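Enquirer: Would you be able to build a 3D model of this:
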Amino acid sequence: METFINNSTRGDMATIKKFKGINSKENTQPLFNEKVELLNLHTLLPEEMDSLKRMWHDQLSSNSFYKLRKLIVSICCKLLNVIPYNMLERLLKLEKLTIAECDSTKSIFELQTVSSGMESQGLLFFLEHA
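Expert: From the prediction side, this is the model:
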């Protein structure tokens, strides 16, 4: 699971609805880079990705992840932050968020002061506690 996302083209990825990443011990890059365009992804399940520190690249394709409804992260021992600030407005359809056995995780949502002119109003999540 080292280079599946990093080496894929936009056309390869556009129709994927569910992605499960497992057993990555060597890759320290973000799970998704700026070239990835996942227009229809509903479910994301990164699991046992021991060296993963960041899931998202700082500059993602503008249309990706808007349909994501379920994010289940487990056994990602070095993951520091699950959802950075630049992902918040993309994940408005997120219904289920589960984080388990991610020992290094310091924050689930990375919140910043809005200084770039981007409006933060309306970026509220309604997630059920299970």
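Enquirer: what number of residues lie near D103?
Expert: 9 (other CB atoms under 10 Å). All C-beta spots, glycine's among them, are computed from the backbone N, C-alpha and C.
Enquirer: For the nearest residue to it once chain neighbours are set aside, what are phi and psi?
Expert: Distances taken as CB to CB, 6 or more residues apart in numbering put C77 closest to D103, at 5.4 Å, once the chain neighbours are dropped. Main-chain torsions, C77, degrees, to the nearest 10: phi -60, psi -30.
Enquirer: burial count for C77?
Expert: C77: 15 neighbours (other CB under 10 Å).
Enquirer: let's number from 551 now, not from 1
Expert: From this message on, residue numbering opens at 551, which makes the last subject C627.
Enquirer: Show me the contact partners of stretch 623-632.
Expert: 595-605, 621, 647-660 (CB atoms under 8 Å, 6 or more residues apart in numbering).
Enquirer: buried sites along that stretch?
Expert: 623, 625-626, 629-632 (16 or more other CB atoms under 10 Å).
Enquirer: ok, now how distant is S624 from L647?
Expert: Separation of S624 from L647 (CB to CB, to the nearest Å): 12 Å.
Enquirer: ditto for N613
Expert: The gap separating N613 from L647 is 21 Å, by CB to CB.
Enquirer: Give me the more crowded residue out of those two.
Expert: L647 (19 against 13).
Enquirer: surely M599 meets E651?
Expert: No. At 11.6 Å, M599 and E651 do not qualify as touching, with contact defined as CB atoms under 8 Å.
Enquirer: So for these two, which residue has more residues nearby?
Expert: For M599 versus E651, neighbours defined as other CB under 10 Å are more numerous around M599 (24 against 12).
Enquirer: can you pull out the strands in the protein?
Expert: Using DSSP state E, the strands of the chain run over 568-572, 593-597, 620-624, 631-633, 646-650, 657-659.
Enquirer: Direction included, what does the third one pair up with?
Expert: When sheet partners are counted by DSSP bridges, strand 620-624 sits next to strand 593-597 (parallel), strand 646-650 (parallel).
Enquirer: Sounds good, over and out.
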